Structure formats: structure tokens, C-alpha cells
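Trainee: from the sequence below, what's the structure:
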Amino acid sequence: MVKTLSWCLTGWLLGTALQLQQASLWSLNVALTVACLAFSVAWIAWWLRAKNSQFTNCLLSALIALGLALSLVNARCLWQAQHRLDPLIEGKELMLSGIIASLPQQSASSVRFRFQVQSALEVNASSSVVVPEWIDLAWYEREPADWMAGRHWADLQAGDTWQFSVRLKAPHGTLNPGGFDEALWRWEQGVMATGSVLTGKRAEAPQKIKTSWLYPVAQARQYVRSEIERKLVSGDAQSRSMAGVIAALVMGDQAAIQSSDWDLFRATGVAHLMSISGLHITLFAWVMAGAMRGLWRFSAARGSRLCLRWPAPHVSVIGGAFVATLYALFAGWGLPAQRTILMMWVIVLAKLFGLKWPRRWIWGLAFTVVVVWDPWALMQSGFWLSFIAVGALMLGNSRHSPVGTKTGSDHSELV
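Mentor: Residues are numbered from 1 along each chain as shown. Next up is the predicted model:
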């Protein structure tokens, strides 16, 4: 069964890679036809499973997974492409009503946030229009006095409903080889348009409509950031300069880091430490797993029977992965954090179900699960670098030992 599963995973990865290299998308009818053919082959293979050789069954499994991956990835792209910004309204003045859906990231002269659109109206035509549901907006202030006072941004809280006069455009970026692909990055997050809030004399002023409890994680992050700023900005110059660094390390908000600090971080090679990466989340999971393991064993020493019901190794890995998931949510739930959490839960579940697979099989399963979650990750170098590094650690730690066996570390199951 393990061998058949490996062929299925290989077929799925190959189908995803082939679909991402196509110059144009299939129509929905073609995608459904390919999916139906894959299911038909799967039914025939199951019916003839006793007559086929092991190699034939493995090959059929790979072909079925390849066809399903081709159709599913194509269908996801078609669905998302239907939510793109209409070119006819790009650049026109629109009146949008919606909810602040992320932590507002404030810099010296602007604030950026994600906006969930509820209604849209073209100002000149006074008619409703259809725009993407998720939009990244930037609010610039033209007057230096407003930059310092931030009076227009003080009430900008996650979960609040606002009305803005904006101009939208489709996401795009530079196409330099090896550079950052902004369009792909926003596509992965489902953001199909960007725009700027109009604040001129001829535009209607932004208006706050109501507050709500929606997006509680973003509200908690905003509260923590405000407390960090309140404690440090009122201090000396060094404390004020460290407020942005501390906010980045605690909750992944890099907007308040000063440009001079960024220059120093790049020169010293520590700029990557200012973002919450998979390394931070995994380290946090290790620490929490060790703490829960110690508490569980301490309870047994005190006469508790919890260890007899739930073994300490299982409780530690579940607790560590769960708390790490909460931490990733609090840190902004970026794409690298999502991949780390998915891979971590695959390893944890493999241990809980007692799968005595070699580590390379677990690594391959985690790799495939992440690709199913985010097919476009295959086009990013950071994804390949992180998984190659994790694979090297897992294979180097114990080349032939199955998951869950001890390899000199109490937390090797979370490696």
C-alpha cells in the first residue's frame, strides 16, 4: 500500500507541475471530462485489482492522481480567474463599503490593509459594479501634518466597517528573472485587486460606519501592537526605534521598522530574522511540546492517571502543534507559516496513527499535502529551499528509522 501511495503522490505532483506550466487554462468542460476519465480508470482499476500486477496497479494509480491533479488545479484557477478585476472599471473612482480584514500596517506616510468588499458603486455612473471580494488598499496622506498626527488613521481598526472612495487596479509587479513575483504572491492569497484611498478635495472623505467583533485575531494583534507602541514610543530615542523591531519579532508586523534599521539588518545578514518563518514556528512547537511533556509527567508523579489515558508523547506533540498553530495565526498566517503548520500536522498525525514509515515517506507526504493546499508554491524558490532543508534534517537525523522512534532527542517527532 505504501508503494501505491508513493506512486499516487508522484502522479499528483507531476499533474500539478504540468498544469502550472500551461500557457492557458482549460475550459470547465475539459476539466470535468479529465476528472471523469480519471474516476472511470480508478473504478476499472479497482474492479481488476486482483488480475493486475503490482506495477500495473501502481502505474494506474499514478495516472489517476495525475488526471485528478490536472482537473482540480485547473478548476481552482478558473474559479479564481472569475473574480479578477474588470478592466473596464480599472482606474475609475469607486465607492466601496466593506470590512477591515487585516492588521493595518502603518508607515510614516501611509497605512495598508486588506479590505473585504461588501458593496461597490461607480461614482460617476451612480450604478453598482462587481469587484473582487478581497482587495489590498493603501491610504496615503498628502499633508505632512497628518503624517505625524495620524488623525485619520486612529480609528482604523480590524473588523470595522468603512466606506472609501478608491481607484483600483489589477495586481502586477516587475517581471525581472529571479525577482519577487507580486502578482503570483497576491494570487496565492486570493487578492485580485489593489487600490488607493482617495483623500483629495473632490473625493468623498472616508467614513467609519460601525464596529464589529469580526476578525478577532487581527483585533488581538492590533491591541498587542498598540501596547508595544504605547510602552516604547513614549521612552527615549532608542526605545522608539526598537518598537518596530519588537513588533516584528512578537507578531510579524514589519511595517514599523525604520529604514535605517533595515539597512543594518541587510548589511549584517539578519534581515530574515525579522519575519515569523517556519524556523520560529517549529522552535516554538518544540518548546511547547517539551513543556507539556514535563507537565504531563509531573502530574503522573503527583498521582494523576492522565498518563494512563493519554500517553505523554502523544499529548506533547498534539499540544505543541496546536499551540504553534495558534501562534502562526497570531503572527499573521502568512504562506510560509501555513506550509509549516501543514507539514507539522502531517508528521504529528503520522505519529499518532502509528505509521512506521521511513522519514523520507513522511517528508514526501507532507510535501504533497502542502502542494494540494497551495499548488502555486511549486513556482516559488522559498518553498523549495525550505523543504529541501527540512528533508536534509529529517534524513540526516535518522536515515532509516521510522517516524516516532527516538533518535537522541525527546522532540525528534517534530523535526
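Trainee: what is the longest helix anywhere in the chain packed up against?
Mentor: When the chain is parsed with DSSP state H, its longest helix is helix 54-81. Helices and strands touching helix 54-81, by 3 or more Cβ pairs under 8 Å, 6 or more residues apart in numbering; DSSP states H and E, are helix 2-20, helix 28-47. (C-beta placed from N, C-alpha, C; glycine too.)
Trainee: report all helices and strands that the longest one contacts.
Mentor: Taking 3+ Cβ pairs under 8 Å, 6+ apart as the contact definition, the neighbouring helices and strands of helix 28-47 are helix 54-81.
Trainee: so of the helices and strands packed on helix 54-81, which one's packed in deepest?
Mentor: Mean neighbour counts were compared across the helices and strands packed on helix 54-81 using mean count of other Cβ atoms under 10 Å; the top stretch is helix 2-20, at a mean of 18.
Trainee: got the contact list for it?
Mentor: By Cβ atoms under 8 Å, 6 or more residues apart in numbering, the residues outside helix 2-20 that reach it are 54, 57-59, 61-70, 73-74, 77, 357, 361, 364-365, 367-368, 371-372, 375-376, 378-379.
Trainee: CA atoms of it as PDB?
Mentor: Only the C-alpha atoms of helix 2-20 are listed here, as PDB (Å, rounded to 0.1, in the frame of the first residue of the first chain):
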ATOM      1  CA  VAL A   2       2.900   2.400   0.800                       C
ATOM      2  CA  LYS A   3       4.300   1.800  -2.700                       C
ATOM      3  CA  THR A   4       1.000   2.500  -4.300                       C
ATOM      4  CA  LEU A   5       0.600   5.700  -2.200                       C
ATOM      5  CA  SER A   6       4.000   6.900  -3.300                       C
ATOM      6  CA  TRP A   7       3.000   6.500  -7.000                       C
ATOM      7  CA  CYS A   8      -0.200   8.400  -6.300                       C
ATOM      8  CA  LEU A   9       1.800  11.300  -4.700                       C
ATOM      9  CA  THR A  10       4.200  11.300  -7.600                       C
ATOM     10  CA  GLY A  11       1.400  11.500 -10.100                       C
ATOM     11  CA  TRP A  12      -0.300  14.300  -8.200                       C
ATOM     12  CA  LEU A  13       2.900  16.400  -8.000                       C
ATOM     13  CA  LEU A  14       3.600  15.800 -11.700                       C
ATOM     14  CA  GLY A  15       0.000  16.700 -12.700                       C
ATOM     15  CA  THR A  16       0.200  19.900 -10.600                       C
ATOM     16  CA  ALA A  17       3.500  20.900 -12.200                       C
ATOM     17  CA  LEU A  18       2.300  20.200 -15.700                       C
ATOM     18  CA  GLN A  19      -0.900  22.300 -15.100                       C
ATOM     19  CA  LEU A  20       1.100  25.300 -13.800                       C
END
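Trainee: any idea of the mean pLDDT in it?
Mentor: Helix 2-20 shows an average pLDDT of 88 in the prediction.
Trainee: tilt between it and helix 54-81?
Mentor: 40 degrees (axes from the mean of the first three to the mean of the last three Cα atoms, to 10 degrees).
Trainee: for helix 2-20, the distance to its chain's centre please.
Mentor: Distance, stretch centre to chain centre, for helix 2-20: 23 Å (Cα atoms, centre = their mean, to the nearest Å).
Trainee: Phe164 is in what secondary structure piece?
Mentor: Element membership for Phe164 (DSSP states H and E) is strand 161-169.
Trainee: so which residues of the protein form strands?
Mentor: 93-100, 105-106, 110-122, 127-128, 134-140, 161-169, 194-197, 207-210 (DSSP state E).
Trainee: can you give me the helices in this protein?
Mentor: For the chain, the helices defined by DSSP H cover 2-20, 28-47, 54-81, 144-149, 182-188, 216-232, 237-251, 259-268, 278-301, 306-309, 312-330, 335-352, 359-373, 381-397.
Trainee: so the first one versus helix 28-47, what angle?
Mentor: In terms of direction (the same axes, to 10 degrees), helix 2-20 departs from helix 28-47 by 170 degrees.
Trainee: the bottom helix or strand of the protein by mean pLDDT?
Mentor: Across the helices and strands of the chain, the lowest-confidence element by mean pLDDT, DSSP states H and E is helix 144-149, at a mean of 44.
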